[in-house]
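Novice: The following block contains a protein sequence and its predicted model.
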Amino acid sequence: MSTLSVAQGFTKSLAMTVLSEIGDKTFFAAAILAMRHPRRLVLSGCLGALIVMTILSAVVGWAAPNLVSRKWTHHITTLLFLGFGVWSLWDAFHDRESEELAEVEAELDADITANGGATKEKNKDSDELKKQRRPLLTQFFSPIFLKAFSITFFGEWGDKSQLATIGLAADENPLGVVLGGILKKM
């Protein structure tokens, strides 16, 4: 058995992330959020979620060979990559990206409607009162940052890129997988 190279894990993770993230639901959510809110907050929330998800996925992938033999994890990883390739081709031929964009827009519009169409014209007194009553997490982080983080984090949960990262970290050096996955997401 050969040693697991950080460079090999890095390049495979980078290539896999490039191929699996383009046109993803979280890609559209981030774009729409950035159109409606300050881009820095949206970017930092999305990046934070993707980094946390990449690290969690790599840890799960690293632990998998302890539960299943390396030979089987290699075969499972190969099947996952084949499956994700077919899945991506299927999506490309059936134009699912426009469906996902419409779904994300509908979810964000429903959120705006639920908030009563809240706008920046509210007076400062009510904003200060709301800040004092906010939950603990929102006192340290912007609500927009938290929204971008949570939409991205839960949107990536069980996504093909997360599953592929788990499989790749089971077969390659987890540090290289994390570095490649994070670099692409930046």
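Specialist: Okay, I see it.

Novice: I'd say residue 172 and residue 8 touch.
Specialist: Yes. Here residue 172 reaches residue 8: they are 6.0 Å apart, a contact under CB atoms under 8 Å. Quick note: C-beta positions are derived from backbone N, CA and C, even for glycine.

Novice: The two: which has the busier surroundings?
Specialist: More neighbours surround residue 172 than the other of residue 172 and residue 8, with 25 against 17 (other CB atoms under 10 Å).

Novice: what about the more buried one, distance to residue 54?
Specialist: Counting by CB to CB, to the nearest Å, the gap from residue 172 to residue 54 is 13 Å.

Novice: what do you get for residue 154?
Specialist: With CB to CB as the criterion, residue 154 and residue 54 are 15 Å apart.

Novice: mind listing the helices for the chain?
Specialist: In the chain, the segments counted as helices under DSSP state H are 6-21, 25-36, 39-67, 70-93, 96-114, 124-133, 136-140, 143-156, 160-171, 174-185.

Novice: Quickly, which of those helices bottoms out on average pLDDT?
Specialist: Lowest mean pLDDT within those: helix 124-133, at a mean of 57.

Novice: if we can go back for a sec, tell me which of the helices of the chain sits most buried.
Specialist: helix 160-171 (a mean of 24; mean count of other CB atoms under 10 Å).

Novice: who does that helix touch, helix- and strand-wise?
Specialist: Counting contacts by 3 or more CB pairs under 8 Å, 6 or more residues apart in numbering; DSSP states H and E, helix 160-171 is packed against helix 6-21, helix 39-67, helix 70-93, helix 174-185.

Novice: now the angle between helix 143-156 and the shortest one, please.
Specialist: Looking back up the chat, that one is helix 174-185. 120 degrees (axes from the mean of the first three to the mean of the last three CA atoms, to 10 degrees).

Novice: Perfect, I'm done here.
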